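Q: starting from these lines, generate the structure:
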Amino acid sequence: MTDMARTSHEPDVSVIIGAYEAMPYLIRCLESVEAQTIGAGRLEIVAIDDGSTDGTGEYLEEFAARTAVPMRVVRQPNSGGPSGPRNAGLKLARGRYVFFLDADDYFGEEALERMVAMGDRAGTDVILGKVVGVNRGAPKSMWKETAEHADLYASNIKYTLSAQKLFRRDLLVRLGMSFDETLKTGEDALFTMEAYLRGNGVSVVADYTCYYLVGRDDGKHVTKSGSYVLRFDSARALMKLIAAHVPPGPRRDDLMVRPFAITLLPQFGHSLLRQSEAVRRRKMELAAPLMETYWTPRLARRFKVQERLRLICVAKGRLDLLLGILQFLKEKKEPKAVRKGVWGRLYLAYPYFGERSGLPDSAYELTVTERIGGRNVTVPARQSTAIFARRLARKARRGARAALHSPRRAYRR
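A: Below is the predicted model:
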C-alpha cells in the first residue's frame, strides 16, 4: 500500500475508486475528484488497483504523489469483480461519507459539495446525484425533481441501485455492510437497496449533473455480462432482501417490481426464441420458485399486458404459450383493444385471449398506460357504484322480460 498525503482530521468524503484496466479513462476520473469545489482538504481518495496490467496502478501512484487531495493507493491481485476492491476501499475509508466512483466515470465539479450539503441538511444516509450518460444510456426517471426525503416506495429511486451514490459511512459501519463478493452481478443493487431500506432516508439532487457515466470506446467496460444463471442469482438475492425487511403487502409489491422488471423479465424476452430447449427449460426451472414465492396479483397489475403475460406463463410453467406470445411480439403485431364486462374494462387481445389456454382474462386487462398502434391507451375510469348498480338492474329487467315471454317448460312432480 502506498500511503501518501495523510491528514489527521476526518474528511467529509472518502472517494473510493476500484480500478481495473482503466487507462486512459482514469485520468479524467481523478482530475474530476481533484477539481471538486468542496476542496481538497475535505476529501480523501482511496484507490484500489485490482491487478491491472495497462499502467493503471502506476498512474494511481504518480497521481497520489502530486495531488493536494489526501490519497491512499492499494495494489492487489485481480479479484474478478468490483466487490473486492470496493470492500477493500471501504475498510480504509475515514470520511463521514463515502462515494464509490468507477474509474471510467467522472464527477461534475460541484457534485460532492452539493451532495454533502444535502445529506447534512436532510440528515439522510443515502444521497443520489443526477447521472447522465456519455456514449451510453443512463437512468432518467428519478431525476425529475430534487427531494430531501424521497419516498422509496412511490418514487423511481428504486430503479437506480448502482453503487455510485453518497453513503453515510456511519450507517455502513454500524450495520457491518459490505458488497457480496459471491455475487458476480447485481452486488451493487443488493448493497444499495439494503442502505435504502435500513438507512435514515434517501435524498435526491436532481438540479445539477453530479455524475457522468461513461461508455468506453474500447469495449472493455465491465458491464457484468455473465451467464443467465448469474442473473437469476442476482434476482433471488434482491427479492430475498426485500422480503426480509418489508412484510407482504402493497409496499413489498412496490419494491418487487424492480427485480421482476429489470432482472427477471429480460430473461424471457425475444432472445428466448433463439435459445436451445435445454436453456429454455432451465430458465423456467430457475424462475419457478421466485414466481411462487414473490409474485402476487397486485404486483402483476403494475406491469404492461405483454410483460405480465410473459411472467404469468413462467409462473404457470407454460413455455409453449410464452413462445407463442414472444413470436407475436417479434413480428411487431398490435393487439386489438377489447371492452368486456359490466365494468367496461379494457383488454388487449394478445395471443390466446378468450381461449381455453389456462391464461385468465385478467392477465390481458389494461392496468397501466401503454402505447399501442402509435398512441397512448389509458386505463378506463372506473364507473361509480351507482352506475354499476343501474347497469345490473337493467340487465336483470331484461332477463325478467325474456323469462316472461319464453314458453313454460313442462315438468312432473
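Q: go ahead and confirm Pro263 touches Leu230.
A: If you look again at residue 263, you'll see it is Thr, not Pro. No - using C-beta atoms under 8 Å, Thr263 is not in contact with Leu230; the gap is 10.3 Å. Placement of C-beta: from N, CA and C, glycine included.
Q: neighbour count for the two, which is higher?
A: Thr263 (22 against 15; other C-beta atoms under 10 Å).
Q: contacting residues for the nearest residue to that one once chain neighbours are set aside?
A: Excluding the flanking residues, the one nearest Thr263 by C-beta to C-beta, 6 or more residues apart in numbering is Ala235, at 4.1 Å. By C-beta atoms under 8 Å, 6 or more residues apart in numbering, the residues touching Ala235 are 186, 259-260, 263-264, 290.
Q: any chance of these in TSV, with secondary structure and pLDDT too?
A: Formatted as TSV, the contacts of Ala235 follow (DSSP: H, G, I helix; E, B strand; the rest coil; pLDDT from 0 to 100):
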residue	secondary structure	pLDDT
Gly186	coil	95
Pro259	helix	98
Phe260	helix	98
Thr263	helix	96
Leu264	helix	97
Leu290	helix	98
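Q: between those, which is nearest Arg174?
A: Gly186 (23.9 Å; C-beta to C-beta).
Q: nearest spatial neighbour of that closest one, chain-adjacent residues omitted?
A: Excluding the flanking residues, the one nearest Gly186 by C-beta to C-beta, 6+ apart is Ser234, at 2.8 Å.
Q: got it, and Leu175?
A: Arg198 (5.9 Å).
Q: ok, Arg310 next?
A: Phe268 (5.0 Å).
Q: what pLDDT is listed against the one you found?
A: According to the predicted model, the pLDDT of Phe268 comes to 98.
Q: swap in His9?
A: At His9, pLDDT is 78.
Q: give me the three-state assignment for it.
A: coil (DSSP: H, G, I helix; E, B strand; the rest coil).
Q: neighbours of it, how many?
A: Applying other C-beta under 10 Å, I find that His9 has 9 neighbouring residues.
Q: and it, how far from Val338?
A: 68 Å (C-beta to C-beta, to the nearest Å).
Q: the residue lying closest to Glu145 once chain neighbours are set aside: neighbour count?
A: Spatial nearest neighbour of Glu145, chain neighbours left out: Ala206 (5.6 Å); criterion: C-beta to C-beta, 6+ apart. For Ala206, the count of nearby residues is 16 (other C-beta under 10 Å).
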